[in-house]
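Task: produce atomic coordinates for the following.
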Amino acid sequence: MRNLNLLFFLLLALHLSSVLSWKKDEFRNCNQTPFCKRARARKPGSCSLIARDVTISDGDLVAKLLPKNPANEEDRDEIKPLILSLSVYQDGILRLKIDEDPSLGPPKKRFEVPDVIVPEFSSKKLWLHRLSTETINGDAVPSSVVYLSNGYEAVLRHDPFEVYVREKGSGHRVISLNSHGLFDFEQLKSKGEGEDWEERFRGHTDRRPYGPQSISFDVSFYSADFVYGIPEHATSLSLKPTRGPGVEDSEPYRLFNLDVFEYIHDSPFGLYGSIPFMISHGKSLGTTGFFWLNAAEMQIDVMGAGWDAESGISLPSEKSRIDTFWMSEAGIVDAFFFVGPGPKDVVRQYTSVTGLPPMPQLFATAYHQCRWNYRDEEDVDHVDSKFDEHDIPYDVLWLDIEHTDGKRYFTWDKMLFPHPEEMQRKLAAKGRHMVTIVDPHIKRDESYHVHKEATQKGYYVKDANGNDFDGWCWPGSSSYPDILNPEIRSWWADRFSFENYVGTTPSLYIWNDMNEPSVFNGPELTMPRDSLHYGGVENRELHNAYGYYFHMATADGLVKRGEGKDRPFVLSRAFFAGSQRYGAVWTGDNSAEWDHLRVSVPMILTLGLTGMSFSGADVGGFFGNPEPELLVRWYQLGAFYPFFRGHAHQDTKRREPWLFGERNTELIRDAIHIRYMLLPYFYTLFREASTSGVPVVRPLWMEFPYEEATFSNDEAFMVGNSILVQGIYTEKAKHASVYLPGRQSWYDLRTGTSYKGGMTHKLRISEDSVPAFQRSGTIIPRKDRFRRSSTQMVNDPYTLVIALNSSRAAEGELYVDDGKSFDFEHGTYIHRRFVFSDGKLTSVNMAPTSPGKSRFSLEAVVERIILLGHPHGHKSALIEPTNHKVDVELGPLGLQWGGSSAVVTIRKPGVQIADDWTIKIL
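Now for the predicted structure:
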């Protein structure tokens, strides 16, 4: 036993020393990944498949894919056709599936990822009753054409095989697959005598019992200026070419969930999560999307202009066509084409397939304080009291792995945390919450009840020999729940009950880390690909979805714990398509560097574009010790992240907001105050995301889709449709160039100064804030009184900031519910629309008023209405229906800010936020 312990600590020391800086030798590149190397070696036009036996069956277009000219008669006899189906769904969604023919007895069924597509999506299917044929480009064989939506058609070209979407009438292509003839599908086969299918990497052997089974194909986006998406990579928002003239020694964008410590920025290397969803955008055609539902490792090339110059393939002349090449180790083709045509349309279409993000609890949208690790209950109490002493609000205090009894999750270290329930109640008395970490690696200890039960029930992932997989992680020897199995997910969810997770209270929520899964002694620090899951599925087939199922089971556990009455909060590091349904994610183990502050913006924007609205980056950087200026700038930017958390590694110096001198404490306090002031606006945006899929923070081009200057801008971003934020990414910066899009003006968020839209402004900046602007024509709800936590602000009065456009008009919304329960699903909420026009502000109800439904009650009033861009001189305003007058005067834009100019203010109108009313300036 002593030798085993020694071995563990040696392995752990080796792991920690290797991850103090990112070492690419730990991970495979394309040339070391046989399926990627084979696929990249293929030449355009090498696909010989043609579509035959095309017909309509069960509302789908179905066909067989066969080689056009088998090399000889023997090949002809051995040919196993692929089965293709095209399905059409509401809102212009086309689904393409290609798989082996199950009637021909393949060695096993290829894996199709379950529980990602939402159940209601199947009801949106449009049943095809007929297809038309058309001869395209002088082909010898007519192609099949089916209706997709008003304005669009789907085409299956028979010979050569190709699938594409085109505009009706004009025939302009939108998206196509296999236009360059790069499609390849390696069918499963039984191993012949003497065949060696094993793959080796850094001392690890992958048996590959079913041989090569990869799939690859090209996808083209037409009239596209840029492509985006396919997280997670620490790189620019618009995806740079990885192959073609002028691109040397570049790797494809990799999608393979890995535990990557201290990752490097500006790299196509895959990180903790994978969403194989790409979006294109261009000025002329708009926005389109392509999603491949496949959880195996994927590599994606973005092809530079001229990559196919010698292919001899003639495509419709498109100056701005972008070609991409998709490669995966396993799975099937299960692909979705989204026609847009607008950015928000594509996001809506994608989330109609994979699901909408849920409405978070209010506290989760506020500030979180985390560290690896707060030492003990005394440390927790000290940190909590210091926030109060320095008048800094926060809502959640987090505990990392050291709070447990020897890295056994669902336990507490009894010496350091002897009274966990009392500790949580003290926080809850101030409206605050706690989050504890629960990772998937279960310590292999016969005295540990979770391990004992999982072993007895056979609930662990198996190794290639059918034994419980044993890998090394924080506890030492560990096993991993086979979370693909619904029964095991249910068992895992039950671990979070108050009876099973002793010492927890209703104010405690959960953090899932290391769920890629991380295995310190595994190949590439993860689970071997030939490990076995439920139903004989290999890890290579579902790897990227393991963390997704773990996130799902944990969130379900919190819903169960609260008897379906309490919204869960679960933060996950690993993610996959659909993870947005189960909580928040963050960008993992970043570093205290200006470049990591900079890259956090495109990373979060990309997550939002691919469904993950609730995301953020560790403020200050997880690794390293930030200089005070970097830390302050990170708080100032992080205050606008959807998920706002400060976090740090255990080897870093303590960095609570009050430890950097009085002035820096003041600046950080001010940044956090900005977030709390804007919580009503943020919460309203989370409501929008939960009903439409449109992310909380957005690229500029999502709001200004025709402005080319916005297409590759990832230094600035929109918070909703009303606020533009520009980060400061360099040390000792004195000026910043800020592009303000649109034809209307923008107002500085702190001073009210007006700036013209449609141009770049060189602005002098101060240490007080990062540049942030309110868009004219919008109304933002605020709360200007600062409390200890968001839950203590519930009945505080509102301020409405109205930024008038050139027509002296503006509009905005406010959504309010109880911030914690599911009652809003039954209509128990306030949803107001504010419209200012012709000198009059009107509040209109947008919530349902069905008889029998309880109405959400809130006593909060509007205490100030600020009018930016309104002429001075008016003295009063009339409030209807109460028919009383209130004063109009000049007042500060922010009650806590110095330096803001006096702005027109309606003081103490006193109207209830939930009521219908009108205020007319006299």
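
Can you verify my assumption that G638 contacts V619?
Yes. Between G638 and V619 there is a contact under Cβ atoms under 8 Å: 4.0 Å. (Glycine included, C-beta is placed from N, CA and C.)

out of those two, which sits in the more crowded spot?
V619 (31 against 25; other Cβ atoms under 10 Å).

check contacts around that one.
631, 634-635, 638, 641, 644-647 (Cβ atoms under 8 Å, 6 or more residues apart in numbering).

Out of the residues you listed, list just those in helices.
Counting by DSSP state H, the contacts of V619 place 631, 634-635, 638 in helices.

could those go into CSV alongside distance to I879 and pLDDT?
Supplementary listing: the ones in helices among the contacts of V619 in CSV, determined by distance: Cβ to Cβ, whole Å; pLDDT from 0 to 100:
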residue, distance to I879, pLDDT
L631, 45, 98
W634, 43, 98
Y635, 39, 98
G638, 39, 98
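
What does the pLDDT read for N137?
We have a pLDDT of 86 for N137.

What count of nearby residues applies to it?
9.

does it count as helix, strand or coil?
coil (DSSP: H, G, I helix; E, B strand; the rest coil).

Quick check: it vs N69, distance?
Distance, N137 to N69, using Cβ to Cβ, to the nearest Å: 20 Å.

same thing with L893?
74 Å.

Comparing these two, which residue is more hemmed in?
With neighbours defined as other Cβ under 10 Å, L893 and N69 compare such that L893 has more, 23 against 8.

Go ahead and confirm the more buried one touches V903.
Yes. At 5.2 Å, L893 and V903 qualify as touching, with contact defined as Cβ under 8 Å.

How about the contacts made by G92?
G92 touches 148-149, 151-152, 338-340, 349, counting by Cβ under 8 Å, 6+ apart.

mind running it again at 10 Å?
By Cβ atoms under 10 Å, 6 or more residues apart in numbering, the residues touching G92 are 148-152, 154, 165, 174, 288, 337-341, 345-346, 349.

From these, which land in helices?
Short answer: the contacts of G92 in helices (DSSP H) are 345-346, 349.

ok, so of those, who is nearest P34?
V346 (33.9 Å; Cβ to Cβ).

For that closest one, give me its contacts.
Taking Cβ under 10 Å, 6+ apart, one finds 92, 229, 277, 279-281, 286-291, 338-340, 609, 693, 702 in contact with V346.

Determine the number of other residues adjacent to S190.
So S190, with other Cβ under 10 Å, has 10 neighbours.

cool, and K168?
Residues near K168, counting by other Cβ under 10 Å: 14.

Look up phi and psi at it.
phi -70, psi 150 (degrees, to the nearest 10).

In three-state terms, how would Q580 be classified?
Per three-state DSSP, Q580 ends up helix.

now swap in D595 and tell me
Under three-state DSSP, D595 comes out as helix.

So which of the contacts of V346 are in strands?
229, 277, 279-281, 286-291, 338 (DSSP state E).

Among those residues, which one has the most neighbours?
Top of the ones in strands among the contacts of V346 by neighbour count (other Cβ under 10 Å): S280, with 30 neighbours.

if I pick that residue, what's in contact with it?
174-175, 219-229, 239, 286-290, 320-322, 324, 340, 346.

Please apply the same query to A860.
So A860 contacts 680, 783, 793-798, 816, 830, 912-914 (Cβ under 10 Å, 6+ apart).

what's the distance between it and S876?
On the measure of Cβ to Cβ, A860 and S876 end up 24 Å apart.

Looks like Q636 contacts R750 (just checking).
No. Using Cβ atoms under 10 Å, Q636 is not in contact with R750; the gap is 11.2 Å.

hang on, the earlier thing: so what sits against both of L893 and V903?
747, 751-752, 801, 866, 868.

Filter the residues you listed down to the buried ones.
With burial judged by 16 or more other Cβ atoms under 10 Å, the buried subset of these is 747, 752, 801, 866, 868.

so can I have CSV of those residues showing pLDDT, distance to T710 and secondary structure?
Shown next, in CSV, are the buried ones among the shared contacts of L893 and V903 (pLDDT from 0 to 100; distance: Cβ to Cβ, whole Å; DSSP: H, G, I helix; E, B strand; the rest coil):
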residue, pLDDT, distance to T710, secondary structure
Y747, 97, 19, strand
G752, 95, 24, coil
V801, 98, 24, strand
I866, 97, 28, strand
L868, 97, 23, strand
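
Tell me the one of those residues nearest V719?
When the buried ones among the shared contacts of L893 and V903 are compared against V719 (criterion: Cβ to Cβ), the nearest one is V801, at 13.5 Å.

for that closest one, what are its contacts?
Per Cβ under 10 Å, 6+ apart, neighbours of V801: 678, 681, 722, 747, 749, 752, 774, 778-782, 810, 812, 864-868, 893-894, 903.

related to what we said a few turns ago, neighbour count: Q636 and R750, which is higher?
Q636 (25 against 20).

quick revisit: now intersect the contacts of V801 with the helices, please.
Y681.

quick one: which of the contacts of V619 is most hemmed in?
Result: W634 is most packed of the contacts of V619 (other Cβ under 10 Å), 28 neighbours.

That residue is in contact with S591, isn't it?
No. Shown here, W634 and S591 do not form a contact pair, counting by Cβ under 10 Å, at 11.5 Å.

shared neighbours of the two, anything?
597, 618, 620-621, 626.

Output these in CSV; the columns should cover neighbour count, pLDDT and secondary structure.
Below are the shared contacts of W634 and S591 laid out as CSV (neighbours: other Cβ atoms under 10 Å; pLDDT from 0 to 100; DSSP: H, G, I helix; E, B strand; the rest coil):
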residue, neighbour count, pLDDT, secondary structure
L597, 27, 98, helix
D618, 24, 98, strand
G620, 28, 98, coil
G621, 27, 98, coil
P626, 24, 98, coil
